[in-house]
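# with the input below, show me the fold.
(one chain, ligands or ions: 2)
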Amino acid sequence: MNVSFGRKGILPLRHFLDFDRLDTPTLRQILDTGLRYKRGETPHGSDKPLAGHILAMIFEKPSTRTRVSFEAGMKQLGGDVIVLLKGDTQLGRGETVADTARVLSRYVSAIMIRTDAPSKLQELSEYATVPVINGLTDDTHPCQVLADIMTFEEHRGSLAGKIVAWSGDGNNVVNSWIQASVHFGFELRIAAPPVLRPGEHFVDKAQAKGGRVSLYKDPVEAVTGAHLVLTDTWLSMGFDNDDSRPKLLAPYQVNSALMAHAAPDALFMHCLPAHRGEEVTDEVMDGPQSVVWDEAENRLHIQKGILTWCLL
Ligand code: CP
Ligand code: NVA
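Ligands and ions are numbered 1, 2, ... in the order given. Predicted coordinates:
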């Protein structure tokens, strides 16, 4: 792997890839910076600290929140963006990720990528000479989970010692929650149909590092006493629409009956987009325990924490 230097050419590059590649003080710093931006402070001494910086964003899958929050965040901090949608670049015609990384690094200050295979994110980060940000892969979605953590902390304080329950598909978002368990001291309970559980290596690795993660078949058991209940789509982008999913996942729907087993002041979160009537009911999405709009807003603030950590 080549060691590249960024941030004025003297300090090692700061990639934002996954929570298992970042330390707890760094994550804390990003969260605190994001919160300070939300409060209208200027943690970097200027209200345009990213002036002159351009972020390239490669989207191989669709996006609303990630695209708009990164673009708004860069522009609000004085920077700019170039959005590269699927089909826009020569990646689709066989130019390698490594060569794309080398070239984009000559034009922009950082690269965000939303893609399928995590190996593409890895290759980009190995060959880029500017910071690379993981905007979602088939495996993980760390920008989202940092915004979720920020949202919980705003409403309820520290996650340490709390119970976080996931009910649904064992996907990229829950994988990042599994990795987060190593850093934030909460207990993570995941209820999923056995065939749709998250990858064993995520669970094993987190447990080996002290993360408290357990798998459940019964969503009621997982949610009982939880302080935060989470779910996500039954079918993530790019995955095969297998007819068996709705039947397998229906018992994991987050509805009022399931929420009734959580702690009385439990919060509900969903990374969005939601499929109302499938993984979550209107009653829960629009109910008093739901903080999904704060969660979506916090994507903007946390992106500022991530971007300034990568670039300044
Ligand atoms: N939650 C999230 O990442 O949303 P988008 O797919 O709209 O970016
Ligand atoms: N798990 C979902 C998250 C979307 C933000 C997906 O990958 O489609």
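# can you pull out the strands in the stretch 151-300 of the chain?
Residue ranges of the strands in the stretch 151-300 of the chain, as given by DSSP state E, counting those that start in this stretch, are 163-167, 187-191, 212-216, 228-231, 267-270.
# tell me where the model's unsure across this protein.
For the chain, the stretches with pLDDT under 70 are 1-9.
# now the top helix by length along it: buried residues?
Criterion DSSP state H: the longest helix present in the chain is helix 292-311. Buried residues in helix 292-311, defined by neighbour count with 16 or more other CB atoms under 10 Å: 292, 294-311. For the C-beta atoms, the positions are set from N, CA and C on the backbone; glycine is no exception.
# what about it, near ligand 1?
No: Helix 292-311 stays clear of ligand 1 (CB under 6 Å from any ligand atom), getting no nearer than 7.0 Å.
# what packs against that helix?
Here helix 292-311 touches helix 24-38, helix 65-76, strand 110-114, strand 132-134, helix 142-156, strand 267-270, going by 3 or more CB pairs under 8 Å, 6 or more residues apart in numbering; DSSP states H and E.
# that helix to strand 110-114, inter-axis angle?
Here the directions of helix 292-311 and strand 110-114 differ by 140 degrees (axes from the mean of the first three to the mean of the last three CA atoms, to 10 degrees).
# return helix 292-311 as PDB; C-alpha atoms alone will do.
Taking C-alpha atoms only, helix 292-311 is exported to PDB below (Å, rounded to 0.1, in the frame of the first residue of the first chain):
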ATOM      1  CA  VAL A 292     -36.000  10.000  11.900                       C
ATOM      2  CA  TRP A 293     -36.100  13.600  10.700                       C
ATOM      3  CA  ASP A 294     -33.500  14.700  13.200                       C
ATOM      4  CA  GLU A 295     -31.500  11.700  12.200                       C
ATOM      5  CA  ALA A 296     -31.700  12.700   8.500                       C
ATOM      6  CA  GLU A 297     -30.800  16.300   9.400                       C
ATOM      7  CA  ASN A 298     -27.800  15.200  11.300                       C
ATOM      8  CA  ARG A 299     -26.300  13.700   8.200                       C
ATOM      9  CA  LEU A 300     -25.500  17.300   7.200                       C
ATOM     10  CA  HIS A 301     -23.800  18.200  10.500                       C
ATOM     11  CA  ILE A 302     -21.900  14.900  10.700                       C
ATOM     12  CA  GLN A 303     -20.700  15.300   7.100                       C
ATOM     13  CA  LYS A 304     -19.100  18.600   8.200                       C
ATOM     14  CA  GLY A 305     -17.300  16.800  11.000                       C
ATOM     15  CA  ILE A 306     -16.100  14.100   8.600                       C
ATOM     16  CA  LEU A 307     -15.000  16.500   5.900                       C
ATOM     17  CA  THR A 308     -13.100  18.900   8.200                       C
ATOM     18  CA  TRP A 309     -11.400  15.900   9.900                       C
ATOM     19  CA  CYS A 310     -10.300  14.600   6.500                       C
ATOM     20  CA  LEU A 311      -9.200  17.900   5.100                       C
END
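# what angle sits between it and helix 142-156?
Angle between the axes of helix 292-311 and helix 142-156 is 120 degrees (criterion: the same axes, to 10 degrees).
# what's around whichever residue of the stretch 51-200 of the chain sits closest to ligand 2, how many residues?
Across the stretch 51-200 of the chain, no residue is closer to ligand 2 than N171, which sits at 4.4 Å (CB to the nearest ligand atom). Other residues within reach of N171, judged by other CB atoms under 10 Å, total 24.
# near ligand 2, which residues of the stretch 101-250 of the chain?
Contacts of the stretch 101-250 of the chain with ligand 2, taken as CB under 6 Å from any ligand atom, map to L136, H141, N171, N172, V173, D232, T233, S236, M237.
# which of these are buried?
Those of these that meet the buried threshold are L136, H141, N171, N172, V173, D232, T233, M237, by 16+ other CB under 10 Å.
# quick one, what contacts E283?
Taking CB atoms under 8 Å, 6 or more residues apart in numbering as the criterion, E283 is in contact with N255, S256.
# before we move on, the earlier item: want to throw the helices and strands packed on helix 292-311 into TSV with mean neighbour count?
Formatted as TSV, the helices and strands packed on helix 292-311 follow (neighbours: other CB atoms under 10 Å):
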stretch	mean neighbour count
helix 24-38	18
helix 65-76	20
strand 110-114	27
strand 132-134	27
helix 142-156	23
strand 267-270	25
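# before we move on, the earlier item: and the angle for the longest helix of the chain with helix 65-76?
Angle of helix 292-311 versus helix 65-76, following the same axes, to 10 degrees, is 60 degrees.
# now helix 292-311 against helix 24-38, angle please.
120 degrees.
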